[in-house]
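**Student:** A structural model of the following input is requested.
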Amino acid sequence: MKYLLFTLLLFVLNISPAQSPVILSQREQARVIDELLEDRLRNVLPTLMRREGFDLWVLIARENNEDPVLKTMLPATWLAARRTTMLVIFDQGLDKKTGKDKGFEYLAVARYDVGKIFKKSWDPDTNPDQWAQLGKLIVERLPKKIGINKAEHYGHADGLTANDYDNLMRVLPKNIQPNVVSAEKLAVGWLETRTEKEMAVYRNICRIAHSIIAEGFSDRVIQPGVTTTEDVVWWFRERIKELKLDTWFHTSVSVQRNESDAITSKRPQPLVILPGDLLHVDFGITYLRLNTDTQEHAYVLKPGETEAPEFLRSAFARGNKLQDYFTGNFKEGKTGNEILSESRRQAIDNGITPSIYTHPIGFHGHASGTTLGMWDMQNGVPFTGDYPMHYKTAYSIELNCSVNLPEWKKEVRIQLEEDGYFDETGFRYIDGRQTELILIPKPFASLK
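**Tutor:** Purely as a prediction, here's the structure:
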């Protein structure tokens, strides 16, 4: 009976049981999110705090005015900060007598625990002033370097409001106030670092995104001569909701075809998809607090065609080649601007016209970490492009190359984006990358 219900559910959702990646229930998602978070707090955060030299990190946010970093530390059932949420992480260092590592304290200046890790450290009945309790906890620990989320270059690391900063300084003695400094690099490190457990589930997340694109770019959704680009856009948005997923940006679908761009722009909008069109999609999902960002191409077969024209396949291969040049230059310690410059020079020397605008991905779509170009900054990105690349980080390999097509008497852009991961073993795509154009409709092997 359970299998019958499951099969019926798949039928209703229009999913093939053999092809669909598993999507967990809301309850199971919450369990996984909390397990991943506990692993990160126990095994990632201590290393990062010691790398950046902080012995105390304080995070403060008020309800409806979220700190992007603090939000990633909340349990799955907390969808936002509550009233004023205060979290304190303290490195207790080594025992002076035994030399043993005393580990880290995880404190919540709240009337209850915040998840399994942050323990309540405030009794409002004894001390009604929450800010005074925060100051007391900090002073008792005599930290030499106190990190706060105040940052000049990374928006995600700038979540402490001016009012909360003033309140924090008000409850700290003057001799401790100079110890309060920006935790920008610590916050970026926390956001950009991926764990083994996260990477174990990330492939499935990217696979879900790939499967939705494959379904959207098929004759199950697109009827050439009838379906518009906007129809496909909203199909993707509805599909995300049907599967109980979220997205972090609005999908886009565009067309390049064998006519001048001036003629295409004068056609009724949104464009009706026609045989011979080269389609492009920019699509992303959010699942288990991790994000995807994917751009792929499809070709709409003309009558009598069983594959895309060779000149389009050749153009697409140039996009893959640009990806190879680019990711082949990834190296720990290199800045994004160095990698960008090397990759552009290598591509141009090999006859490819590149545009590279790759960004970190993880808790956020356009995440914090090493920026590798922007579409309008191909000579380098100040500050975030100077940030060095670290191991155990994920990126959306976003780029394009312009290819002149004599057959169409114009240039087309091959715009690709696939999510990848960089660690001590090198770079890899999390769920592979597109190496062939998707065909609409997909030819049946039995029909010639």
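
**Student:** Only C-alpha atoms from now on, for both contacts and neighbour counts.
**Tutor:** Fine.

**Student:** Please, which helix or strand holds E105?
**Tutor:** For E105, the host element (DSSP states H and E) is strand 104-108.

**Student:** after that strand comes which helix or strand?
**Tutor:** Per DSSP H and E, the first helix or strand lying C-terminal to strand 104-108 is strand 119-120.

**Student:** Give the partner strands of that next one in its sheet and their orientations.
**Tutor:** When sheet partners are counted by DSSP bridges, strand 119-120 sits next to strand 104-108 (parallel).

**Student:** can you pull the pLDDT of S20?
**Tutor:** Listed pLDDT for S20 reads 73.

**Student:** quick one, what contacts it?
**Tutor:** Residues in contact with S20 (CA atoms under 8 Å, 6 or more residues apart in numbering) are I208, S211.

**Student:** picking that back up, in the strand holding E105, which of the residues would be classed as buried?
**Tutor:** Across strand 104-108, burial judged by 16 or more other CA atoms under 10 Å covers F104, Y106, L107, A108.

**Student:** show me where pLDDT drops low in this protein?
**Tutor:** Residue ranges of the chain with pLDDT under 70: 1-19, 446-448.

**Student:** Quick check: buried residues in the longest helix anywhere in it?
**Tutor:** What stands out as the longest helix in the chain, according to DSSP state H, is helix 196-216. Using 16+ other CA under 10 Å as the test for burial, helix 196-216 gives 198, 201-210, 212-213, 215-216.

**Student:** Nearest spatial neighbour of D277, chain-adjacent residues omitted?
**Tutor:** R257 (4.9 Å; CA to CA, 6 or more residues apart in numbering).

**Student:** Quick one: residues contacting that neighbour.
**Tutor:** Counted by CA under 8 Å, 6+ apart, R257 has contacts G276, D277, L278, W408.

**Student:** Apply 7 Å and report the result again.
**Tutor:** G276, D277, L278 (CA atoms under 7 Å, 6 or more residues apart in numbering).

**Student:** Just put these in a markdown table and tack on neighbour count.
**Tutor:** Converted to a markdown table, those look like this (neighbours: other CA atoms under 10 Å):
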| residue | neighbour count |
| --- | --- |
| G276 | 19 |
| D277 | 19 |
| L278 | 24 |
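
**Student:** Going by distance to K185, which of those residues wins?
**Tutor:** Comparing these against K185 with CA to CA places L278 closest, at 42.0 Å.

**Student:** What's opposite the closest one in the beta bridge?
**Tutor:** With DSSP bridges as the criterion, L278 is bridged to Q256, Y299.

**Student:** isn't it right up against K302?
**Tutor:** No - with contact defined as CA atoms under 7 Å, L278 does not count as touching K302 (11.4 Å).

**Student:** Give me the residues contacting the longest helix of the chain.
**Tutor:** Outside helix 196-216, the residues that touch it by CA under 7 Å, 6+ apart are P21, L36, V232, F236, G284, I285, Y287, T292, I430, D431.

**Student:** Surely the fifth one and Q295 touch.
**Tutor:** No - because the distance of 8.8 Å does not satisfy CA under 7 Å, G284 is recorded as not touching Q295.

**Student:** Need the residues touching each of the two.
**Tutor:** By CA under 7 Å, 6+ apart, no residue touches both G284 and Q295.

**Student:** What helices and strands are in contact with the host helix or strand of L191?
**Tutor:** Assessed by DSSP H and E, L191 sits inside helix 184-192. Secondary-structure packing of helix 184-192 (3 or more CA pairs under 7 Å, 6 or more residues apart in numbering; DSSP states H and E): helix 45-52.

**Student:** So this structure: which segments form each domain?
**Tutor:** If you go by automatic domain parsing, the domain ranges for the chain are 45-190, 195-440.

**Student:** Give me the distance between the two termini of the first one.
**Tutor:** If I follow you right, that is domain 45-190. Terminal residues of domain 45-190 are spaced 7 Å apart (CA to CA, to the nearest Å).

**Student:** Tally up the residues packed near V139, please.
**Tutor:** For V139, the neighbour count with other CA atoms under 10 Å is 14.

**Student:** typo on my end, it should be D376
**Tutor:** Counted with other CA under 10 Å, residues neighbouring D376 total 11.

**Student:** for the one 10 residues further on, same thing?
**Tutor:** D386: 18 surrounding residues under other CA under 10 Å.

**Student:** excluding its backbone neighbours, what's nearest it?
**Tutor:** Nearest one to D386, counting by CA to CA, 6+ apart, is T335 at 5.1 Å.

**Student:** Of the contacts of R257, which is the nearest to L142?
**Tutor:** Proximity of the contacts of R257 to L142 (CA to CA) peaks at L278, which lies at 62.7 Å.

**Student:** so who does the closest one touch?
**Tutor:** V255, Q256, R257, H297, A298, Y299, V300.
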